[in-house]
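J.: predicted structure and sequence below. I'll ask about it afterward.
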Amino acid sequence: MYAALWRVLPGPLAVRVLIVLVLVASILLALVTWVFPWIAETFLQQESVVESMS
Amino acid sequence: MAKSTQSTSPVSITGILGELLITAGVLVMLFLGWYVWLNDIVTGSVQQGAAVDVQRELQQEWEDDLATQPEPEPEETTEPGTPLDPPVAVAPAAGESWGALIVPRFGEDYVRAIGEGVDPATVLNSRTLGVGHYAETQMPGELGNVALAAHRNTWGGAFSEVGELQLGDNLYVETRDGWYQYAFRGLEYVWPSGVEVLLPVPQAPQVEPGEHILTLTTCNPRFSTAERMIAYAVLEDWHPRSGGAPAEISGLVEASSR
């Protein structure tokens, strides 16, 4: 799969590496900005308050 | 040459599956690293910066008050000599900040904005607040109990160091009137339903309050929601803003006004 993606990329080696780096960086940024906070808030709520069980 | 044609041949199902599984594994590791480590560092420092802004606003509000009100009134409320009769802070609307919490034991430059209410989405998980004031409890200056909540871990983990507090450690609550200085007294561990810690006299229903208490609640053990860790502190002193910040935190307060 990744080998196929690599072959699809245009240009010489340096350009390909640059494209991959940009892609990886933007994926990481998207994860940290939207995906991870959403997972944490939806599935892993840390309770720190005391409240009456009702 | 058969070898090279094979290496460029269409990928197999198992090959794709394997790569997807490796990707999933890497994503899980990334998430955990973010969850237990990176998010606390990033959110913590963002909350710190936001708290400094709040401190600046408090100072500004106080200066505006001085400018608009006739001189004697604020002068009188800031008269020293009545250390245990401080002014009562005014509670704002839910989700708004009315003060800052400064705890030297948590770090030299530790300051967090205190938001009204303990709603997770708008206060406790907020990148600009992080510490919440139980709206049903008293405000600083009122006889009774000022109860605050914050995360032990995740979302900045504002109370991650609560277990490190030592007897007599100072906790300061800054409002626009000045600094309420509380001294740490002790820890207590309760179940998540232990709301008695929020009473005007903690754990003592129907008792008239005679002291100014500050209560911190956070989760215990770390990364768990099984129990709650409670820290109690008692008002020791009151520093009106006109007299300047107490020596222990004057550096931090000065830095915020720059």
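T.: Arrived safely, thanks for sending.
J.: pLDDT of stretch B:51-63, averaged?
T.: For stretch B:51-63, the mean per-residue pLDDT is 89.
J.: got a list of contacts for that stretch?
T.: Contacts of stretch B:51-63 from elsewhere in the structure, counted by C-beta atoms under 8 Å, 6 or more residues apart in numbering or on different chains, are B:97, B:99-100, B:111-113, B:174-177, B:241, B:253, B:255-257. Where you see a C-beta, it was placed from the backbone N, CA and C, and this is true even at glycine.
J.: recalculate using a threshold of 6 Å.
T.: Applying C-beta atoms under 6 Å, 6 or more residues apart in numbering or on different chains, the external contacts of stretch B:51-63 come out as B:S97, B:A100, B:V111, B:R112, B:A113, B:R176, B:R241, B:S256, B:S257.
J.: same deal with stretch B:26-45?
T.: A:F36, B:R127, B:W155, B:G156, B:G157.
J.: Throw the residues you listed into CSV and include pLDDT and neighbour count, thanks.
T.: Output for the contacts of stretch B:26-45, formatted as CSV (pLDDT from 0 to 100; neighbours: other C-beta atoms under 10 Å in any protein chain shown):
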residue, pLDDT, neighbour count
A:F36, 91, 20
B:R127, 85, 16
B:W155, 85, 25
B:G156, 87, 27
B:G157, 87, 25
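J.: now render the residues you listed as CSV, adding distance to B:G18.
T.: Putting those into CSV (distance: C-beta to C-beta, whole Å) gives the following:
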residue, distance to B:G18
A:F36, 25
B:R127, 38
B:W155, 35
B:G156, 38
B:G157, 37
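J.: what is the neighbour count of B:S250?
T.: Counted with other C-beta atoms under 10 Å in any protein chain shown, residues neighbouring B:S250 total 11.
J.: same question for B:A226.
T.: The burial count assigned to B:A226 is 10, neighbours taken as other C-beta under 10 Å.
J.: now the buried members of the contacts of stretch B:51-63.
T.: With neighbours counted by 16 or more other C-beta atoms under 10 Å in any protein chain shown, the contacts of stretch B:51-63 contain buried members at B:S97, B:A100, B:V111, B:R112, B:A113, B:R176, B:R241, B:S256.
J.: okay if I get those as JSON lines plus distance to B:S12 and secondary structure?
T.: Output for the buried ones among the contacts of stretch B:51-63, formatted as JSON lines (distance: C-beta to C-beta, whole Å; DSSP: H, G, I helix; E, B strand; the rest coil):
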{"residue": "B:S97", "distance to B:S12": "57", "secondary structure": "strand"}
{"residue": "B:A100", "distance to B:S12": "60", "secondary structure": "strand"}
{"residue": "B:V111", "distance to B:S12": "57", "secondary structure": "strand"}
{"residue": "B:R112", "distance to B:S12": "54", "secondary structure": "strand"}
{"residue": "B:A113", "distance to B:S12": "55", "secondary structure": "strand"}
{"residue": "B:R176", "distance to B:S12": "68", "secondary structure": "coil"}
{"residue": "B:R241", "distance to B:S12": "72", "secondary structure": "helix"}
{"residue": "B:S256", "distance to B:S12": "61", "secondary structure": "helix"}
